[in-house]
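J.: Structure here, sequence nowhere to be found:
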RNA sequence: GCGGGUAUAGCUCAGUUGGUUAGAGCGCUUGGUUGUGGUCCAAGAGGUCGUGGGUUCGAGACCCACUACUCGCCCCA
């Protein structure tokens, strides 16, 4: 047992784990590119203020989950707990308001000081998209369609469910908020301690509490849908109609809320019951107030983020890694020739590996271990005759091939 | 921050009501095959039983504390 362990809540990714991880990221980006999204890479840390302002001073993320520290220069910086704030900051600092609409895809590590459990790490990875500058419901439809498309491409269409809700515009939300607070205040004794605190900070969050008392109190509450004004109602209907027209199935969930103030209109989540408590796999919404709240020009936006580890866990078997060609010099005298052949194979686009040492048996074992499809064996006889012994490691068949013909002969293994 | 579970070989785990030299499978090394892997056979290496304390004639096992991991609550992707 080594005493040297990774930091709590962090993991080393290797072998198949990395391949699943990359498969998620690359598939997502490839699909996003078809929708016109370009990748944006923002720093993994920002001025603490960037997150405080965007996430709200009362959110759990800001109040207890951020990795915040002071630099040698005395500035407070924070490892990003999510991706939207950094993109919004880049939008403002880059003066990109003139170039809307803009579509960004991002991926990378996020950091939250939480208690780790299944599907929840302290360093985890997200992929996400942001569409900035489009106020029309068409943007909501496209962004959700993109998410659905990616999940389908990952062969997860059958494992996830899309839930949808509308938070309305500011006017609707303020009206409903007051109604809800009044209703719940009258039933304060039924509420959990957490939810009593939320009454002031985040009353909408009480709607999706799992606490039995909260659920009972909320059961008879006036519905958000009835308090949407005409414009908000029309907006939500257009989103729903658009999704239906594209054949994207969804379920309206009135309890689906975002606690943060800048969220409005569309909120959505793709969830699964295959991951225990951490069922949300991809979630997002419209945030028309965000850019302005950060000090930029008023710009509508909508986006989502997905947890790469969670998606990777759900992934069915992925395609096996490409099988390499093993080049095996029998003794030290053949190493030079083997290196030359290996280099030529690699230049020609093959995946090739060379046995590093030991006797031939060892090198053959190594070839088997890396799942080589074929071995190119070079002994003194072969070198003398300018040939190589090509052994099919599946069937055991082997033939002598002139070294000059190797690339053509091995074409099937490319 | 609050609960539950677990901790024995590199990995996955077994280990009887507490009893003398702590086991298996896989993996690893070597040999059977000094120019042939995967299969097979044989041998071998590898463990202060998470750490510290306690109970006992005797602790891997029982008790306490700590640490780590893990699963829930919470939060969220």
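T.: Thanks, I have the structure now. Note that the structure is predicted; figures quoted are calculated from it, not measured.

J.: residues in contact with residue A:320?
T.: Counting by Cβ atoms under 8 Å, 6 or more residues apart in numbering, residue A:320 touches residue A:371. For the C-beta atoms, the positions are set from N, CA and C on the backbone; glycine is no exception.

J.: Got the phi and psi for it?
T.: phi -60, psi 160 (degrees, to the nearest 10).

J.: do you know how far it is from residue A:16?
T.: Between residue A:320 and residue A:16 the computed distance is 9 Å (Cβ to Cβ, to the nearest Å).

J.: any common contacting residues for those two?
T.: With Cβ under 8 Å, 6+ apart, residue A:320 and residue A:16 have no common neighbours.

J.: Name the nearest residue to residue A:89, sequence neighbours excluded.
T.: residue A:50 (5.1 Å; Cβ to Cβ, 6 or more residues apart in numbering).

J.: cool, residue A:321 as well?
T.: Using Cβ to Cβ, 6+ apart, the closest residue to residue A:321 is residue A:19 (6.6 Å).

J.: give me the element residue A:306 is part of.
T.: strand A:301-307 (DSSP states H and E).

J.: which one's the longest helix in chain A?
T.: helix A:16-34 (DSSP state H).

J.: Kindly provide the whole-number mean pLDDT of it.
T.: Mean per-residue pLDDT for helix A:16-34: 94.

J.: dump the residue contacts of the residue nearest to residue A:89.
T.: A:78, A:85, A:86, A:89, A:294.

J.: Tell me which helix or strand the fourth one sits in.
T.: Of the helices and strands defined by DSSP H and E, residue A:89 is found in helix A:84-93.

J.: orientation of that helix relative to strand A:301-307 in degrees?
T.: Helix A:84-93 and strand A:301-307 are oriented at 140 degrees to each other (axes from the mean of the first three to the mean of the last three Cα atoms, to 10 degrees).

J.: which residues are in contact with helix A:84-93?
T.: A:40, A:42-43, A:46, A:50-51, A:54-55, A:80, A:96-97, A:102, A:104, A:106, A:128, A:130, A:132, A:287, A:290-291, A:294-296, A:299, A:301, A:303, A:305.

J.: Show the model's pLDDT score for the nearest residue to residue A:249 once chain neighbours are set aside.
T.: Counting by Cβ to Cβ, 6+ apart, residue A:249 lies nearest to residue A:162, which is 6.6 Å off, once chain neighbours are set aside. According to the prediction, residue A:162 has pLDDT 96.

J.: which residues in the stretch 101-250 of chain A form strands?
T.: Under the criterion DSSP state E, counting those that start in this stretch, strands of the stretch 101-250 of chain A are mapped to A:102-111, A:123-132, A:161-166.

J.: Of those strands, flag the one that's most buried.
T.: strand A:123-132 (a mean of 24; mean count of other Cβ atoms under 10 Å).

J.: anything in that one near RNA strand B?
T.: Yes: for strand A:123-132 and RNA strand B, the contact criterion (Cβ under 7 Å from any atom of the strand) is met by A:124, A:126.
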